[in-house]
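S.K.: Provided below for reference: sequence and predicted model.
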Amino acid sequence: MRWISTQTFATLYERLVSRKPDAGEVAHRLEDIRHAMLSLLGDEGVARYPQLARRIEFCVDEMALWYARSELMAALADLYDEETAHRRLTRQSAMFRGLLPKSMMARPSAIRG
């Protein structure tokens, strides 16, 4: 009997701790992320990097948007400078919290220049 109650408790705890957002919430958050990424690119960026803008518009899930960040970083660094691009993209990356595994989230860099 002790094993059953421990197993039940473990299952309940796992569900509470690793709550997954529902499909409607995920879709809404993905649209917010997509809009934020395109606004970071701006009108000039969309004109200079139309393939990237299309890629961001048609990403189907959070993983695709997460991996599009590297191309966005390169485009922003070309449009502005690397420091500005990094600062803007770091603020936007927080929007992914809860959608991706914690191991994929960007960690603060120990290297300061």
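M.R.: That came through, no problem. Just so we're clear, the structure is a prediction, and the values are computed from it rather than from any experiment.
S.K.: and the next element down the chain from the lowest-mean-pLDDT helix or strand in the chain?
M.R.: Ranked by mean pLDDT, DSSP states H and E, the helix or strand of the chain with the weakest confidence is helix 2-17, at a mean of 59. As assigned by DSSP states H and E, the chain's next helix or strand after helix 2-17 is helix 23-48.
S.K.: other SSEs contacting that following helix?
M.R.: Applying 3 or more Cβ pairs under 8 Å, 6 or more residues apart in numbering; DSSP states H and E, one finds that helix 23-48 contacts helix 50-57, helix 62-79, helix 82-93. Yep, even glycine has a C-beta here, placed from its N, CA and C like the rest.
S.K.: and the angle for the first one with helix 62-79?
M.R.: Here the directions of helix 50-57 and helix 62-79 differ by 150 degrees (axes from the mean of the first three to the mean of the last three Cα atoms, to 10 degrees).
S.K.: for helix 50-57, which positions count as buried?
M.R.: 52-53, 55-56 (16 or more other Cβ atoms under 10 Å).
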